[in-house]
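> Build the 3D model from these lines:
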Amino acid sequence: MARSTSRTRSRTAPRAAAPAATVNPRTLLLAGLGAAVLARREAERLAADAATLPERIRAGADAAVDTARGEVKKLAKSARTRIAPIQRDLDKLGAQIEAAGTQGVAEAAKRLNPLLSRVGLPTIKAAARKVAARAPRAGAKATTVRRPAKKAAKATRRRA
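Alright, predicted model coming up:
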């Protein structure tokens, strides 16, 4: 007979199931002791975790508050940097509008006052120009200057 040159696969036999342990009072006692030891260890671990829980919650809350504060500061700074140019532009525009209004009243008074005085109507009084007060610097202290009190004039009697 001729032998074939191909190899045959050898198959392993399936593993036999572990023999079932017999339950007797000794194994039952040892299993109960093992379960009690595991339960005690787990209880100790849970108790230790529960003891540190308030500190962990407090630390987490503090971290969340710090994060929120940082975010609020960042957003406030961003808002201020966006609002500042707009506010400057509005201040300039307000000053221009006020100047145009004052100039318009002065021009109207200049042209209409001669006509109004001829007709006998009251004339338009041109508003005095307001000098804009300079805003105090950020580091400067606001100081108030007291003026000395005015002395009362002596009462004189009129001769008749």
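> for Ile124, phi and psi?
When read as degrees, to the nearest 10, the backbone of Ile124 gives phi -90, psi 130.
> Count the residues that sit near Leu93.
10 (other C-beta atoms under 10 Å). The C-beta positions use only the backbone N, C-alpha and C, and glycine is treated the same way.
> so where does it fall, helix or strand?
Element membership for Leu93 (DSSP states H and E) is helix 25-119.
> Averaged pLDDT, that helix. What do you get?
Looking at helix 25-119 alone, the average pLDDT works out to 92.
> helices or strands up against it?
Packing contacts for helix 25-119, counted by 3 or more C-beta pairs under 8 Å, 6 or more residues apart in numbering; DSSP states H and E, involve no helix or strand.
> Can you give the distance of it from its chain's centre?
2 Å (C-alpha atoms, centre = their mean, to the nearest Å).
> How is Ala13 assigned, secondary-structure-wise?
Under DSSP: H, G, I helix; E, B strand; the rest coil, Ala13 falls in the coil class.
> Lovely, talk soon.
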